[in-house]
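**Q** return a 3D structure for these sequence lines:
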Amino acid sequence: MRYYSKIGVIWMIAIAVIVWCNYMLLKPVTWRLDDWGMWLTLLIFIPIDVLFVICTFWTYYEFHDDYLEVRCGYFFHEDIPYHDIRSFKETHNPLSSCGLSLDRLDIIYKAQKGRNGNSEVLISPVKKQEFIQELEKRSRIFLSK
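**A** As a prediction, this is how the structure comes out:
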């Protein structure tokens, strides 16, 4: 079962500002196709725009038989076994995360890949209550208040 990230107003504003800024930077140089500045600008800003679009449409959380897969574009991918989840709670924490909205869940889990201690991931599934019920059922951990 796959849940995509809720897209918040702040994320939409950030994308609009980035696209607008890129347009304003490209506008003065687009009429000179032989200008190195234009090509350099295109090589820098178009990949940034593409990365934001990829993050927007390729951020999801998927339940598998033994683990929760958390993916945020090309930047973050973690498979969290259900038995490693320590706790989770609702939050509006504004830290950078795999949640594209501030309506988030904070999941604390045993660190993976040979790291010690606990790790944490902030996610924002679209159908949050349905996601919470499924996570409680699979992890046997209940939402912390």
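**Q** chain center to the lowest-mean-pLDDT helix or strand in the chain, what's the gap?
**A** Sorting the helices and strands of the chain by mean pLDDT, DSSP states H and E puts helix 36-57 at the bottom, at a mean of 79. In terms of CA atoms, centre = their mean, to the nearest Å, the centre of helix 36-57 is found 18 Å from the chain centre.
**Q** start and end of stretch 55-69, how far apart?
**A** Start-to-end span of stretch 55-69 (CA to CA, to the nearest Å) is 15 Å.
**Q** please renumber so the chain begins at 272
**A** Right, with 272 as the first residue, what we last looked at is stretch 326-340.
**Q** low-confidence ranges in this structure?
**A** Applying pLDDT under 70 to the chain flags residues 300-306, 308-309, 416.
**Q** nearest the geometric middle of it, what residue?
**A** A centroid search over the chain (CA atoms, centre = their mean) returns Cys369, at 2.7 Å, as the residue closest to the centre.
**Q** which phi and psi does it have?
**A** The phi/psi pair for Cys369 (degrees, to the nearest 10) reads phi -90, psi 20.
**Q** now the one 4 residues further on
**A** Here the main-chain torsion angles of Leu373 (degrees, to the nearest 10) amount to phi -90, psi 0.
**Q** what about it, neighbour count?
**A** Close neighbours of Leu373, defined as other CB atoms under 10 Å, add up to 17. In short, each C-beta sits where N, CA and C put it, glycine included.
**Q** how about the residue nearest to the centre of the chain, nearest residue that isn't a chain neighbour?
**A** Spatial nearest neighbour of Cys369, chain neighbours left out: Cys343 (3.9 Å); criterion: CB to CB, 6 or more residues apart in numbering.
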